[in-house]
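1. return a 3D structure for these sequence lines:
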Amino acid sequence: MCRYGGEEFVILMPNTHIQGAAHVAHQLSIAISSKPILTPRGNIGVTISQGVASVSHQTDFEETKLLSLADKALYRAKSLGRDRFELATLKPCIVKEQA
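-> You can find the predicted model right below:
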């Protein structure tokens, strides 16, 4: 896990399929929303919007493309009401062997 931008973080989960990543995203949402921030004026609820991207190990891809997919999914989650996660996958492509 690392900070990627002002309010953005990246969690890399090698060897994790999209369903497993979605489960982690769901559990993270529950954990964060269950811990309000205590202030002198009262509790402040916290939620999280997430973009979850996955790529098959057989897929020929660039890391920047995967980050772009996750970023687009994040902004889709925000535009659809926040406090949610959206999924994106890079579809496997057929790589032909060169003769």
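2. ok, the residue nearest the centre of the chain - contacts?
-> Centroid-nearest residue in the chain: residue 52, 2.9 Å away (criterion: C-alpha atoms, centre = their mean). Contact analysis of residue 52 by C-beta atoms under 8 Å, 6 or more residues apart in numbering lists 18, 21, 22, 25, 70, 73, 85, 86, 87, 88. Just so you know, the C-beta spots here come from the backbone N, C-alpha and C atoms, and that holds for glycine as well.
3. try it again with 6 Å
-> 21, 25, 85, 87 (C-beta atoms under 6 Å, 6 or more residues apart in numbering).
4. of these, select the buried ones using a ChimeraX command.
-> In ChimeraX syntax, the buried subset of those is picked out as below (16 or more other C-beta atoms under 10 Å):
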select :21,25,85,87
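5. a markdown table for the contacts of residue 52, including distance to residue 35 and secondary structure?
-> Shown next, in a markdown table, are the contacts of residue 52 (distance: C-beta to C-beta, whole Å; DSSP: H, G, I helix; E, B strand; the rest coil):
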| residue | distance to residue 35 | secondary structure |
| --- | --- | --- |
| 21 | 22 | helix |
| 25 | 17 | helix |
| 85 | 18 | strand |
| 87 | 25 | strand |
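6. restrict stretch 43-60 to CA atoms and write it as PDB.
-> Extracted in PDB, the C-alpha atoms of stretch 43-60 (Å, rounded to 0.1, in the frame of the first residue of the first chain):
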ATOM      1  CA  ASN A  43     -18.300  12.400  15.400                       C
ATOM      2  CA  ILE A  44     -17.600  12.700  11.700                       C
ATOM      3  CA  GLY A  45     -18.400   9.800   9.600                       C
ATOM      4  CA  VAL A  46     -15.900   8.700   7.000                       C
ATOM      5  CA  THR A  47     -16.500   6.800   3.800                       C
ATOM      6  CA  ILE A  48     -14.300   5.600   0.900                       C
ATOM      7  CA  SER A  49     -14.700   5.500  -2.800                       C
ATOM      8  CA  GLN A  50     -12.600   2.900  -4.600                       C
ATOM      9  CA  GLY A  51     -11.600   1.900  -8.100                       C
ATOM     10  CA  VAL A  52     -10.500  -1.800  -8.300                       C
ATOM     11  CA  ALA A  53      -8.600  -2.900 -11.400                       C
ATOM     12  CA  SER A  54      -7.400  -6.300 -12.300                       C
ATOM     13  CA  VAL A  55      -5.300  -7.900 -15.100                       C
ATOM     14  CA  SER A  56      -4.900 -11.500 -16.000                       C
ATOM     15  CA  HIS A  57      -1.300 -12.800 -15.800                       C
ATOM     16  CA  GLN A  58      -1.600 -13.900 -19.400                       C
ATOM     17  CA  THR A  59      -2.500 -10.300 -20.500                       C
ATOM     18  CA  ASP A  60       0.200  -8.200 -22.200                       C
END
